[in-house]
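Predicted model, plus sequence, below.
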Amino acid sequence: MATLKLRDARKSFGTTEVIKGVDIDIDDGEFVVFVGPSGCGKSTLLRMISGLEDVTSGTIEIDGQVVNDLPPKERGIAMVFQTYAIFPHMTVRENVGFGLTINKIDKATKEKKVREAARILQMEHLLDRRPSQLSGGQRQRVAIGRAIVRDPKVFLFDEPLSNLDAALRMDMRMEIGKLHQDLKATMIYVTHDQVEAMTLADKIVVLKDGLVMQVGAPMELYHEPANLFVAGFLGAPSMNFIEVTVDALEGDRARVSNAALDPITVSTRGRAFTVGQQAILGVRPQYLHPVKDAEGQLHGTIRITERLGAETIVEVRLNDGEPLIAALAEDLVYEPGTSIGFDFDPERAQLFPPQD
Ligand SMILES: Nc1ncnc2c1ncn2[C@@H]1O[C@H](COP(=O)(O)OP(=O)(O)O)[C@@H](O)[C@H]1O
Ligand SMILES: [Mg+2]
């Protein structure tokens, strides 16, 4: 168990800086997810924490000790990668116990630890199989087992589920959540998948271009995104961004409108706007409610209806020509070309400056 602290951590490859000054605090036993698009620096940051990549400047502390110059095996971490990195010629038992074998741990202790990891991961019946006799999910479980037996202070996961098909991914996601509940260890989990971030994390760190965009609990980020990037990244379908004009300001309230939106008053959440300026109104698809006879605040025409089963997604062409996505109840179906109006709770809308 351990705490982690990054202070102004930076990493350059040659002259290109890819991690541009990152500060992160991780509590003992916390499950932290680094999320962001491909290439934003998630793996690099994780590798810096593990010691596989050196730090160009700044510090990384584990349990109050600066570990910048400590080799990976002395940091008390264990890492699980997207590719399983298990040995095909070894059984599950040998693979899981591999780290203990090379560290010359005695046989009885090793067998006990391997059994315990197998029990936690529900693969005791697989211990004598070889990787070729396992499914993708079972192979990843072997890799996780190998991390567990090492009793690390911190678990690092780099997109461990990305090679699995959708159904398995969901199973394994739940298992990793359960693993954290069982072990109560500090875990850092890297993914580009916002669903994994939302479901697994105690705390999400949203990254973009080597910079932290926002840190917070999943629902905190969902309801109070700090900027357009976070607002658009978390949640599916993505938040609608509607270009509006700021018509009036009073205290922390702004009245906004456009050709498709009747004037509404929303909170500025402390952001600065000026009257007459363009701004972006963010409204989640789930917060839009269709109103009879095309009334409501937001007006347009149905283009496409997609019935997903649990919900119906409609794509709307707003009266100013811009697209809008709404997520509606499963039994609501509209013909293309139907005029439609939506209501929404202005308190749930977000107002952002245009180039956030
Ligand atoms: N060894 C390396 N040499 C040069 N550039 C690298 C190296 N590793 C990663 N990068 C670059 O650093 C950036 C971040 O990469 P990475 O951390 O792998 O992103 P992510 O894991 O978020 O997809 C990318 O632009 C990538 O091309
Ligand atoms: Mg990566």
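Here it is on my side, so go on. Since this is a predicted model, take the numbers as computed values, not measurements. Ligands and ions are numbered 1, 2, ... in the order given.

which residues touch the worst-scoring helix or strand of the chain on mean pLDDT?
Lowest on mean pLDDT, DSSP states H and E among the helices and strands of the chain sits helix 98-102, with a mean of 84. Helix 98-102 is contacted from outside by 78, 87, 90, 94, 109-110, 113-114, 146, 149-150, using CB atoms under 8 Å, 6 or more residues apart in numbering. Any C-beta I mention is one placed from the backbone N, CA and C, and that applies to glycine too.

Ligand 1 next: which of those residues are close?
Taking CB under 6 Å from any ligand atom as the test, ligand 1 is in contact with none of the contacts of helix 98-102.

quick one on the thing from earlier: can you list the residues that contact the next helix or strand after the least confident helix or strand of the chain?
Of the helices and strands lying after helix 98-102 in sequence (DSSP states H and E), the nearest is helix 107-120. The contact list for helix 107-120 (CB under 8 Å, 6+ apart) reads 92-93, 96-97, 100-101, 105, 124, 126-127, 145-146, 148-149, 151, 179, 182-183.

go again using 7 Å as the cut-off
93, 96-97, 100-101, 124, 127, 145, 148-149, 179, 182 (CB atoms under 7 Å, 6 or more residues apart in numbering).

what would those look like in a markdown table with secondary structure and neighbour count?
Shown next, in a markdown table, are the contacts of helix 107-120 (DSSP: H, G, I helix; E, B strand; the rest coil; neighbours: other CB atoms under 10 Å):
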| residue | secondary structure | neighbour count |
| --- | --- | --- |
| 93 | helix | 19 |
| 96 | helix | 30 |
| 97 | coil | 25 |
| 100 | helix | 20 |
| 101 | helix | 12 |
| 124 | helix | 14 |
| 127 | coil | 19 |
| 145 | helix | 26 |
| 148 | helix | 24 |
| 149 | helix | 23 |
| 179 | helix | 20 |
| 182 | helix | 11 |
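
ok, so of these, who is nearest ligand 1?
Nearest to ligand 1, judged by CB to the nearest ligand atom, of these is residue 179 at 22.2 Å.

and the closest one, what does it touch?
Listed by CB under 7 Å, 6+ apart, the contact set of residue 179 reads residue 120.

Then residue 256?
Contacts of residue 256 by CB under 7 Å, 6+ apart are 244-247, 264, 266, 279, 281, 351.

make it 6 Å
244, 246, 281 (CB atoms under 6 Å, 6 or more residues apart in numbering).

One more: residue 225?
residue 231.

Looks to me like it is in a helix.
No. Under DSSP: H, G, I helix; E, B strand; the rest coil, residue 225 sits outside any helix and is assigned coil.

Can you tell me, leaving aside adjacent residues, what's nearest to residue 304?
Leaving out its chain neighbours, the residue that sits closest to residue 304 by CB to CB, 6 or more residues apart in numbering is residue 315, at 4.4 Å.

Residue 200: which of the contacts of helix 98-102 is nearest?
residue 78 (17.4 Å; CB to CB).

What mean pLDDT does whatever helix or strand residue 282 lives in get?
Here residue 282, judged by DSSP H and E, is contained in strand 278-283. Averaging pLDDT along strand 278-283 gives 98.

could you point out which element follows that strand?
Where DSSP H and E defines the elements, the next helix or strand beyond strand 278-283 is strand 289-291.

Of the contacts of residue 256, just say which sits nearest to residue 273.
residue 246 (4.9 Å).

I figured that closest one hits residue 278, correct?
No. At 7.8 Å, residue 246 does not count as touching residue 278 under the criterion of CB atoms under 6 Å.

Run through the helices of the stretch 1-150 of the chain in chain order.
For the stretch 1-150 of the chain, the helices defined by DSSP state H, counting those that start in this stretch cover 42-50, 92-96, 98-102, 107-120, 136-149.

Ok, the stretch 151-300 of the chain next?
166-183, 194-200, 218-223, 228-233.

export the third one as PDB, just CAs?
Think helix 218-223. Written as PDB, here are the backbone C-alpha positions of helix 218-223 (Å, rounded to 0.1, in the frame of the first residue of the first chain):
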ATOM      1  CA  PRO A 218     -16.100  10.500 -12.100                       C
ATOM      2  CA  MET A 219     -19.500  12.100 -11.400                       C
ATOM      3  CA  GLU A 220     -17.800  15.400 -10.500                       C
ATOM      4  CA  LEU A 221     -16.100  15.500 -13.900                       C
ATOM      5  CA  TYR A 222     -19.300  14.400 -15.600                       C
ATOM      6  CA  HIS A 223     -21.400  17.200 -14.000                       C
END
